Structures are given as C-alpha cells and as structure tokens.
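1. Any chance you can model this:
(chains A and B)
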Protein chains: 2
Amino acid sequence: MARIVMKFGGTSVAGTERIRRVANIVRAQAAAKNGERNSVAVVVSAMAGETDRLVNFCREANALYDPAEYDVVVSSGEQVTAGLLALTLQSMGCKARSWLGWQLPLKTFSAHANARVGEIHAERLLESMDAGEIAIIPGFQGISDEDRITTMGRGGSDTSAVAIAAAIGADRCDIYTDVDGVYTTDPRIVARARKIKHIAFEEMLELASVGAKVLQTRSVSLAMKHNVPVQVLSSFIEDSSPSADTLPGTMIVSEAEMAKLLEEGQVERQSVTGIAHDKNEARVVLTRVPDKPGAVADIFTPLGDAGINVDMIIQNVGRDKGETDVTFTVPQAELARAQALLEDRQEKLGFNRLITDSKVAKISVVGMGMKSHAGVAAMMFQSLADRGINVQAISTSEIKVSVLIDEDETELAVRVLHTAYGLDAPEEV
Amino acid sequence: MARIVMKFGGTSVAGTERIRRVANIVRAQAAAKNGERNSVAVVVSAMAGETDRLVNFCREANALYDPAEYDVVVSSGEQVTAGLLALTLQSMGCKARSWLGWQLPLKTFSAHANARVGEIHAERLLESMDAGEIAIIPGFQGISDEDRITTMGRGGSDTSAVAIAAAIGADRCDIYTDVDGVYTTDPRIVARARKIKHIAFEEMLELASVGAKVLQTRSVSLAMKHNVPVQVLSSFIEDSSPSADTLPGTMIVSEAEMAKLLEEGQVERQSVTGIAHDKNEARVVLTRVPDKPGAVADIFTPLGDAGINVDMIIQNVGRDKGETDVTFTVPQAELARAQALLEDRQEKLGFNRLITDSKVAKISVVGMGMKSHAGVAAMMFQSLADRGINVQAISTSEIKVSVLIDEDETELAVRVLHTAYGLDAPEEV
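-> Numbers count the residues shown, from 1 in each chain, chains lettered A, B, ... in the order given. Okay, the predicted model is just below:
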C-alpha cells in the first residue's frame, strides 16, 4: 500500500463540475492496483476567484486589516472546497471525510496571513486513511498556539500538501495544476520546450525562484528538507486515471535519487536542465561612487535593513581615478522604495547620478550538471554575443548562471539558449 | 455594566456596507452610558443568499448529502460574516474578535444539520468581553462530541444567540431583524396592526408556531427555559444608536415579569394579544370510517410514526349508523406522504373516500388573558359567523384558539377578529 498526497489548485476545483472531475482522479488513485489499495490524502485550494472575493471583502471592511480576522474570512474558501470534495467522493461510493486545520491539528508559527507550518499531529488522520477513508484537507491553513485560524499566504496550499506528505511519511506528493509538468523553458516562448521527467529539488528551487511559476518556492524547500518526492502534473488531462506506474508529470527528487537514475540510464546527463526568465527585476546604476573601503557596504546595508532584496551586483571602475559605477538589481515592486532610500543618502554615499531601468529581464540557466561540466557560463555569454545581445550584469550560484539583458530581447535570448544547450525537442515530422 | 447579546440576520449583514451599519449599532450599544460601558457579544448570520449558494453546491455535489460534510460547507457563511464584522469594528477603533463554534466551544448534540445546543464553555469568552473586547460569534453552528462542525438548521442563529445569552447570564438578548418588532397581526393585512411592547414567552411561542415568522420557535422556548429577556427590533431603523433605556422593539419576557408590568400599569390587560394566520395547512377528510374502538388510533398512529404532524382533528357522526367522518389537518408539505400512507391502508382502515383540500387557512387568536377572560372563543366564532365565514375545524390550548377556514377568507377573518378584540391602533388623524 502506497501513501499518496494529492493537491489540487483553484482552477482544478472551480465549481462542482470540476470538483467531480477531481473526485474521479482521486478515486482512481485510491483504487486497488495489483490487489493493493492506496492510502490517499487530498489537499484542496479554494475555488478559483473565491479567495480574491474574500480578500476584497476584508479590504472593504478594514483597509488595514487585522491578519487574525483576515484569516478567519479567507480560510473559509478552502473549507468549502474540502466539504464539497468529500461529498462528491461519497456520491461515487468512496469513503471520505474532511479534516480542517484545527481538527488535525496542523500547527503553524509566526505571523497570521503568512504563517509557516509547524508541528502536524497526524495520528488520527493516518488511522482514518489506513482504514480506507480518503482524507480531504483544506490547504493554506492551520492554527496558531492561541488556537486561532492561520493562513500561509497565497499559494500556501502547495506547502500544506508537502507538509502533510512529510508528516504521514507519504511515498509521493502529487501537485495537480493547470500545466502538465515542469518544462525546460516557458512553452509559450519556445514551442520545442520539453517536459522534464525528473528534476532535482535544488534545480527546481532555482527555477522557482527565477520565475518558473509552477510551484511555490517554500513548498520545494520543504520537500527538499523532508525528502518528499513531488510530482507536478495536470488535472486537465484526458485520461482521468493516472496510475502510480506511469507518472505522467514531472518528478522532483533528491540529488541522490537523481544520481541513481543517471547511473541506471533513466536520466540523460545534461549540463543545463532548464531556462527561466524573469521580467520583474529593475536595474539601478549609481555613477561615480567614491572608490574607498566601506563605500559599497554603505549602499547595500540600508537596502538590506529595509528588506529590499538586492540580486545582481557589478562594480565597474569609472573613467576617473578613485571613482566606480555600481550597478545592481532589485524587484520592480521595490524600486521606488530603493530609489527614495538612496536619494536620501546621496550626500553620504557621494554618488553622482542614480539611473534606473525597468525594461530589463533576467535570464537564468539552471542545472546540477554544471557542477561537472565546465564552460557552461562561457557558452551562455558566447551564444548571446553571437546574436548581438548585450549582457548588463551577471550572477551565478553553484547550479545557476543568470544574466541581465534588455527586456525586448527576452524571447530571443531564451530561444537561443534553449537550442545552444541542446534542450530543443526533436522536430515533429 | 450590562451584558447584552445582539443578533443580526442575513439581510442585516448582506454586504460590507450593511455590515458597517451593523457595526455602528454595536458600537453604540457597547459605548459607555452614565459612565458604564456595556459588555457585548454579537451573533451573526451568513450574508443573505450565501447559505442558499452553499446549500446548492452541496446538492450539486451529492443529492443525498452527508450532513457532517454539509455542515463543513454551509457553516462557512457565518464564519465569513463574523470575521468581517470584527474587522469593521476594529476599523472604527473598537476592540473586537471572532469566536468560532469550536473555539468557545459551543457543544451541540443529536444530528448534524439539525443540531441542538448543548453545553457552552463561556469562560474565555466572558473574560475577553469583560476586558472590553466585543465578541463576534457566528450563529447557527457548534461542534459535536467528535469535534466536527455542526449546524442547527435554517434560522438557527436566533437559537445560538439565546443560548449564548443564557450561558453568559446576559441581561438581554436583542434580535435585530428586518421588522421592528412583533405586531398584533400581519401589518400587510391589517394596516392598523400595532407593535406589541411586551409579550410573554408563552404567547410568543404560540404566535411563532402558528405562522408569525419573526423568531424561530426553538429560540423562544430556549429563552423561556432560561428566562432570557429577548427583544425583537429592526436593524434598518434611522436612529442607529438605540439605547438600553428606550427599548424600541418588542420585549419578550416571563409570565411573572408580565404580571409585574400589569400590576404597575405598564401593560394593558387584554384577552387577546395577537392574531396569526397560516396558509400552509391542508385538510384531509376520511369518509365513512367504521365507528368502533381503535379505528381512530389506526389512522393516526402510522402518521405519527412517519413524523407527520397532525394538528386539528374532528370526528363527525356520519349519516349511516356505525360510521363517522374523520377530518384533520397536516402541513401542506406532508400532504402527499400522508395521503399515500392512508391509501395504502384503506382496506384495514375501512374508510370510503379520502378527500383533501389545500385551500384552507388556520387563524389563531393568542393571549395569556384568555386564562382569566371568559368568552374569548365564543366571540371568535360569533364574529366570523356574522361575516358568513364558515369554521371547518377548531383546536384550542390554554392560551390559544385556532379555527380552520377557506383560504380565500383569510384576510377578511384576520381583519374582523383584529377589530373584535380591540387590537386596532387608533385611527390616524
């Protein structure tokens, strides 16, 4: 008997018709295969649009809302879906019941409206599941130490699902969404993008944090921490009965598991696994900053203190001796705040001009293979240079190289790199 | 410091604008008067239309729904309103927090979807209220012994409010609704109907059970049991700050309190307090039933076993010796079931024909004064006879006389009786 957690997002449960579709998938997953039934827990989001409706109510009631009461209101969306999915499964002859956050209980800590998963008491849940009852759990919510409802921030249901999977020692956590897996890059940009069959947690984390919006970053790091294999797959597939054997989506697994799959020849050895792009960055240039010890620290310390996340940093030696230009990127949403902070300190920092540019894009190539393949970064710069694409800034990690380019060249750059690293799917005949 | 429970129904909280209006009334009630602040708990319904939306979802999911999951879904409506009212009060500078059924906890027993209030643990609630925090409680819901959400059936929020009031020893339970009190009869029928200032629990119970839809019957009997004074008043009044002193609505109090008010001359001595009508009854006639011992029991026992509530019963001696006609009433909604049950047993019961009539109405006059005034029933029959209205059946209790008449004569009968018992308001000049 395998224990499996399944998670369905808001578009998958938008209305009772779609919930029936989801129930069919769940029933098929729970059904006996080779004489063995699976033990299944299902985590559900609110119906698409419902959370927005509830958040709007809160804003109308109180612009500066108390997050504890906000959580009481918005958590109701998932509660409704959980009850309806249980009812629908029952109508198909399955045993099913809902478990609300306070019933498990699923403890959270730190702030309301952005809580983090703490302890999960899964004894009663497991007992019920192992007795053949499908457990339905509203995502996105738990309870605080004061026994009040908490929510985990938008997209928190992915995290709920992974946390439940870890708590019950699930064999797999399946995240059903509106795409059928993780792709080598955005298929809307590159028609020949390929679905990735296996990817390592570390790679998925890098891809998630640089703009591949399939999974919430926090859920991936939680899965990595507890070593929970996560599968991303579509709830809109034609065949409504995916079996544990076929694994139609993308499996996200540990580095060790990836090494094993490589050894067995089930995964191809590649330097780059995927390419992501992110148009939400903005570039800031401070010209003619005095080239003296502590000058750079004076720039970035106040930004860090204000919680502004600085990503790429380049320091160029300026034309005049004793001065440098400092370039860096911040999220576009933080640009105005960053600019105000720096202009307030212009005298102290001693820069000449502050230039900003929001029309930039960050392109990242990600892959565990970089650790063993040399020349990955060089190939990136060369491929872009060959097409006349100017690199404005660079940042790297052990398994990632990111470059900043003109926003207008985003699609071209992604296509060029996708081909250069051999990621293009074979052309259809 | 007075402790007051306030309850607002679905139309009073339909949307954030109306919730703001409610918050104004609550703030005024909680505000200090003569240097003393009131300790306030507020019970809220779901926004008008919301419960219907959720019930429909349940029906679509599963026609024969599991009441435990139904309760998970439908209870979310009140939860949302509770959070929003707390947020709105906070935006006005009041301290407020929501208390869900499982947080108090408010224990219920017997069936899901139609639960009855059991124990309420109000220690933490009282502590918070007495510290000046306004408590907001979603009506209609509690938890079972298995720690699952229960609901109390439509209109259950009135019962929640009275139960909370009893548990915290409230001085008064104010039920805010879309009418401004209990009237001597339906003002849509009799323009000169008067608002009743004080009415006894027993009278209100009789009026509620015969079709005056202001309060849920169960809430009135609970108030009577725990001697909680209940006030019915409108949340749509112009003056949004009713004070405890003016009491703009109808007070429902104990018989002892009524006697005291009579003594003090604050209440007029009357034989009849109110007149109700009910068009939801249906008449059944069984002709030529054998006039032998046990024949009547054979008719009514199966109906009782099937949960069909028989109200008025008359047995006429038929034309032929040894036979009688039996006439009785059942709720229209039960008529088809009652008819099928009896026709199945025609041979055993030995009746000749079964005749039904849904075009009937029950008119009831209610008043504690009947206990001391003679001739109340006689005046009713005479007044109706004077206008040529035929009485088809009669039933009485200690403080009520009901007659069954042709439905078309409902309005005429109510007007005639309202005048006959001296209930008409003085004509406006």
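2. and the helix or strand of chain A with the lowest mean pLDDT, which strands flank it?
-> When the helices and strands of chain A are scored by mean pLDDT, DSSP states H and E, strand A:313-317 comes last with a mean of 80. Next to strand A:313-317 in the sheet, as set by DSSP bridges, lie strand A:323-331 (antiparallel).
3. Show me which positions of the strand it pairs with end up buried.
-> By 16 or more other C-beta atoms under 10 Å in any protein chain shown, the buried positions in strand A:323-331 come out as A:323-330. The way it works is simple: take the backbone N, C-alpha and C, and place the C-beta from them, glycine included.
4. burial count for A:Glu334?
-> Counted by other C-beta atoms under 10 Å in any protein chain shown, the residues lying close to A:Glu334 total 17.
5. and the stretch 101-250 of chain A, which of its residues are near chain B?
-> Contacts of the stretch 101-250 of chain A with chain B, taken as C-beta under 8 Å from any C-beta of the partner chain, map to A:102-103, A:147-149.
6. Which stretches in the stretch 51-200 of chain A count as helices?
-> A:67-74, A:76-91, A:123-130, A:156-167 (DSSP state H, counting those that start in this stretch).
7. what distance separates the start and the end of stretch A:134-143?
-> 22 Å (C-alpha to C-alpha, to the nearest Å).
8. Distance from that stretch to the middle of the chain?
-> Put simply, stretch A:134-143 sits 20 Å off its chain's centre (C-alpha atoms, centre = their mean, to the nearest Å).
9. show me what contacts A:Ala2?
-> A:36, A:38-39, A:171-172, A:244 (C-beta atoms under 8 Å, 6 or more residues apart in numbering or on different chains).
10. from memory A:His121 sits against A:Gln103, does it?
-> No. In this structure, A:His121 is not within contact of A:Gln103 by C-beta atoms under 8 Å, at 9.9 Å.
11. quick revisit: show me which pair in the residues of the stretch 101-250 of chain A next to chain B is furthest apart.
-> Within these, two members stand farthest from each other by C-beta to C-beta: A:Gln103 and A:Arg148, at 14.5 Å.
12. ok, those two, which is more surrounded?
-> Remark: of A:Gln103 and A:Arg148, A:Gln103 carries more neighbours, 21 against 18, as counted by other C-beta under 10 Å.
13. Could you find the closest non-adjacent residue to that one?
-> Spatial nearest neighbour of A:Gln103, chain neighbours left out: B:Asp147 (6.1 Å); criterion: C-beta to C-beta, 6 or more residues apart in numbering or on different chains.
14. mind checking how far the one you found is from A:Ile355?
-> Here the criterion is C-beta to C-beta, to the nearest Å. By it, B:Asp147 lies 61 Å from A:Ile355.
15. hmm, back to that, quick check, nearest of the residues of the stretch 101-250 of chain A next to chain B to A:Glu264?
-> The nearest member of those to A:Glu264, counting by C-beta to C-beta, is A:Gln103 at 42.4 Å.
16. and that closest one, what are its phi and psi?
-> Per-residue torsions, A:Gln103: phi -80, psi -30 (degrees, to the nearest 10).
17. Which pLDDT value does the model give it?
-> At A:Gln103, the predicted lDDT confidence score is 96.
18. picking that back up, wait, the residue nearest to A:Gln103 sits on A:Pro105?
-> No. The criterion here is C-beta under 8 Å, and B:Asp147 misses it with A:Pro105 at 10.1 Å.
19. of the two, who's got more company?
-> Legend: neighbour count by other C-beta under 10 Å for B:Asp147 and A:Pro105, higher for A:Pro105 (18 against 13).
20. tell me the contacts of A:Gly9?
-> For A:Gly9, the contacting residues are A:45, A:157, A:175-178, A:235, by C-beta under 8 Å, 6+ apart.
21. on that earlier part again, is it possible to export the helices of the stretch 51-200 of chain A to CSV including mean pLDDT and mean neighbour count?
-> Listed next are these as CSV, based on pLDDT from 0 to 100; neighbours: other C-beta atoms under 10 Å in any protein chain shown:
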stretch, mean pLDDT, mean neighbour count
helix A:67-74, 96, 25
helix A:76-91, 98, 28
helix A:123-130, 93, 16
helix A:156-167, 95, 28
